[in-house]
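Asker: quick one: sequence and predicted model below, then my questions.
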Amino acid sequence: MGIFSSRSKPADAPSVPDWRAHHAPLIRRAEFHAYPVGDHLHALLPCAGEAPVFCPSHVVDFLYGCWDFQPLEVHLRRFAEIHQLDGLGMDAVRAWLPNLFEARLLRSAEDLRTQCVAIRDGEEPREPARIASICFPTGNRLHLLRRAVTSFVLNGQKFGREVEYVVSDGAATSEGRADCRALLREMGREHGARVAYAGEEEKRRFVRALARETGCDPAIPEFALFDVEGCGFACGANRNASLLHNAGRPFCTVDDDVICQLATAPEARDTLSIFGSSDPREVFFYAGREDLLQSVGMVEKCFVAAHEELLGRSGAACIAAAVPPAELDFSRIDQVVTQRLESGRVLATFTGHFGDLGVPTSYYYLNYTEGNFARLTASEAHYRTVLRSRTVHIGARNPSIGDITTSCCLAAGLDLRELLPPFFPVLHSEDFAFGMTCWQTCAHFLAAHLPFAMYHEPGPGRPILAPGDLQPGRGPWVGVFEFVVLLRSFIATMPPLAAHLATADRMRALGRHLHEIGSAPAADFRAMLRQRVLDLQSLKVTALEARLTHEPEAPEYWARDVEAYLDYTRAQLREEDFDVPHDLRSRFEPPAARALMQRLICRYGALLQAWPELFSAAQRLRENGEPLATPA
């Protein structure tokens, strides 16, 4: 049995629901625009295109408060508490409920599920996603690469799946690349597996082929596939090699320090969750590997089959399969994801990871809320231990569909039967830049987090900075912000585009937007940087201070760390070069770092504009016998 089981379809819902039937079910507002028209009235224009509805201001306030799926009485009680309304005041709101339901300004979760069933039933048949390859970005880490590839080959053979194993190598020397090719040839012979390799020679040949096919400046695909600016880390370039090698077909990308051992999340649930503007993953903290491995629930499952269960499926089909409604969790859905469910498709799937944390500092823990926060602060001894430990289990407890903006590509599936954007080629956290770019350029993009985690083990010796290490005047700036935070922020400032625009057009529009930012005069660019940094840091500081104020029961030891981190952040903002990300400070002086950021943003803008043609050309080249990666 897969993630979903098949059941009979429910009967169709009436065209206009009876509002009295919605007291018990989960209700939230539909999307609308409100326009004040005087006399304490607003004209509400539903985004679905219906005629405007005129409502008094207090009713509009009530609608805005219905931002999540809750029983109607919960919304009413919450509104009464916030506005301190008595019975007569609430009677005035209740009197409008029939009108709000008739105008479809309020909708139930069951309405949404029924709508998805109808969409699913009317969809054109589509071939299920069949993963063609598993790709590994790497560079001078042969011992990790051997372990990773071997584990995935054995998993595929155990479950009778034959795929291509592709290594995108960033090794800088010919000797290093020769050693990698030799290792892959040996592994191919040993396991009888199809192994392909893309090193510098293969990538440069492909750059020339793309320039020939598209007529573009060769510098554009070269930026996609190499660290042309000498940033020192280019995992994104290797991921782009995987995208171009697989253009037109589904594939998986896996980091070279991942081992193909699958585990379920603690406290797993048999529910489909729909989420937006949030991270669906739960975090469980451990003092060390031994504690983790004793508690983790290993499962025997085919890695590629796990991704194929959701990859390529429409959001409507996923929801329609999860019946009865009790198996659906809409508690974290937002308006954008609600809209995308109508035409959206799962174009990326992600597993969680257990083992190494994967980030340089545990200061991020300070931002955790709800269950993650409760587990983090179970006791002071536990809190202090896990801040210094790199050992976690991070992943979704149950299948979760929504946005991609917080998704990690440590072990992911991508459906390249549709155009997806390139990764940012250089610097760390390229997957988080990719997620934001996907969300802005693919209007029907949905991501799925699978209820499985992969073993992430880069080896011993990696240090981690705890919040107490981040003190004003001492130590590095790690933990303030990285370049990717700025890049994501600039991507998010793209002006809204018409919903009907194709992905290629949206991608070119984002490319022009970024190219304009990167092409600004140096003084103007620095002014934009300062504004972006202050905006971002202000939001972070304000959110943490609000938690200190509104969570009086929070442990004092956590509050001390938060206050110290806030002091540290404010001290850094007083520095002359507060606008320079910490991941550029170790290699570049501030003026050079700012100039580099401009060039990188400008180059990425040019790459986005050219990418639709590069993607199509890459697919033609592979189909004509000229793939990027060649047999090792």
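Answerer: Nice, thanks for sending it over.
Asker: every contact and neighbour count from this point should use C-alpha atoms.
Answerer: OK.
Asker: next one: phi and psi at the most far-flung residue of the chain relative to its centre?
Answerer: Outermost residue of the chain with respect to the C-alpha centroid, by CA atoms, centre = their mean, is Leu88; its distance is 45.5 Å. Phi and psi for Leu88, reported as degrees, to the nearest 10, are phi -70, psi -40.
Asker: excluding its backbone neighbours, what's nearest Ala466?
Answerer: Leaving aside its chain neighbours, Ala466 sits nearest to Ser362 (5.1 Å; criterion: CA to CA, 6 or more residues apart in numbering).
Asker: what is the neighbour count of that neighbour?
Answerer: Neighbourhood size, Ser362 [other CA atoms under 10 Å]: 19.
Asker: likewise for Asp334?
Answerer: So Asp334, with other CA under 10 Å, has 22 neighbours.
Asker: verify the stated contact: it with Ser277.
Answerer: Yes - the pair Asp334 / Ser277 is scored as a contact, 7.0 Å apart, by CA atoms under 8 Å.
Asker: run through the residues that contact the nearest residue to Gly170 once chain neighbours are set aside.
Answerer: Counting by CA to CA, 6+ apart, Gly139 is the residue found nearest to Gly170 once chain neighbours are left out, at 4.5 Å. Residues counted as contacts of Gly139 (CA atoms under 8 Å, 6 or more residues apart in numbering) are Asp169, Gly170, Ala171.
Asker: quick one: which of those is nearest Ala618?
Answerer: Set against Ala618, the nearest of the contacts of Gly139 by CA to CA is Asp169 (18.5 Å).
Asker: give me the pLDDT value at the closest one.
Answerer: Asp169 carries a pLDDT value of 98.
Asker: measure it to Ala412 for me?
Answerer: Remark: distance between Asp169 and Ala412 (CA to CA, to the nearest Å) = 18 Å.
Asker: quick one, which of these two is more surrounded?
Answerer: Taking neighbours as other CA under 10 Å, Asp169 and Ala412 compare with Asp169 leading, 27 against 24.
Asker: for Thr405, see how far away the more buried one is.
Answerer: Asp169 is 26 Å from Thr405, by CA to CA.
Asker: so in this structure, which helix runs the longest?
Answerer: Counting residues, the longest helix found in the chain (DSSP state H) is helix 590-623.
Asker: output the contacting helices and strands for whichever helix or strand comes after that helix.
Answerer: Counting by DSSP states H and E, the next helix or strand C-terminal to helix 590-623 is strand 630-631. Packed against strand 630-631 by the contact rule (3 or more CA pairs under 8 Å, 6 or more residues apart in numbering; DSSP states H and E) you find strand 194-198.
Asker: what's in contact with the strand it packs on?
Answerer: 163-169, 181, 184-185, 188, 241, 628-632.
Asker: same thing but at 7 Å, please
Answerer: The contact list for strand 194-198 (CA atoms under 7 Å, 6 or more residues apart in numbering) reads 164-169, 181, 184, 188, 628-632.
Asker: so can I have TSV of the residues you listed showing distance to Gln339?
Answerer: Listed next are those as TSV, based on distance: CA to CA, whole Å:
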residue	distance to Gln339
Glu164	36
Tyr165	37
Val166	36
Val167	38
Ser168	37
Asp169	40
Arg181	47
Leu184	45
Gly188	46
Leu628	37
Ala629	38
Thr630	42
Pro631	44
Ala632	45
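Asker: between which two of those residues is the distance greatest?
Answerer: Gly188 and Leu628 (18.6 Å).
Asker: between these two, who's got more neighbours?
Answerer: Counted by other CA under 10 Å, Gly188 and Leu628 do not tie: Leu628 has more neighbours, with 27 against 19.
Asker: in which helix or strand does the residue nearest to His58 when sequence neighbours are not counted reside?
Answerer: Spatial nearest neighbour of His58, chain neighbours left out: Val93 (7.5 Å); criterion: CA to CA, 6+ apart. Element membership for Val93, per DSSP H and E: helix 87-94.
Asker: break the chain into its domains for me.
Answerer: 19-122, 133-252, 259-469 (automatic domain parsing).
Asker: for those domains, which has the smallest mean pLDDT value?
Answerer: domain 19-122 (a mean of 87).
Asker: just the strands in the stretch 301-450 of the chain please.
Answerer: 328-332, 345-356, 391-395, 400-402, 411-415, 445-456 (DSSP state E, counting those that start in this stretch).
Asker: a markdown table for these, including distance to Met528?
Answerer: Formatted as a markdown table, the strands of the stretch 301-450 of the chain follow (distance: least, CA to CA, whole Å):
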| stretch | distance to Met528 |
| --- | --- |
| strand 328-332 | 33 |
| strand 345-356 | 32 |
| strand 391-395 | 35 |
| strand 400-402 | 31 |
| strand 411-415 | 33 |
| strand 445-456 | 29 |
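Asker: nearest to Asp583, out of these?
Answerer: strand 345-356 (20.5 Å).
Asker: which elements pack onto the closest one?
Answerer: strand 391-395, strand 411-415, strand 445-456 (3 or more CA pairs under 7 Å, 6 or more residues apart in numbering; DSSP states H and E).
Asker: Leu341: which of those strands is closest?
Answerer: strand 445-456 (8.1 Å).
Asker: in the sheet, which strands lie alongside the closest one, parallel or antiparallel?
Answerer: strand 258-264 (antiparallel), strand 345-356 (parallel), strand 400-402 (antiparallel) (DSSP bridges).
Asker: and that strand with strand 411-415, angle?
Answerer: Per axes from the mean of the first three to the mean of the last three CA atoms, to 10 degrees, the angle that strand 445-456 makes with strand 411-415 is 150 degrees.
Asker: now do the contacts for Tyr165.
Answerer: Tyr165 neighbours (CA under 7 Å, 6+ apart): Ser133, Ile134, Cys135, Arg194, Val195, Ala196.
Asker: and Asp279, how many neighbours?
Answerer: Neighbour tally, Asp279, other CA under 10 Å: 18.
Asker: name the SS class of Gly248, please.
Answerer: coil (DSSP: H, G, I helix; E, B strand; the rest coil).
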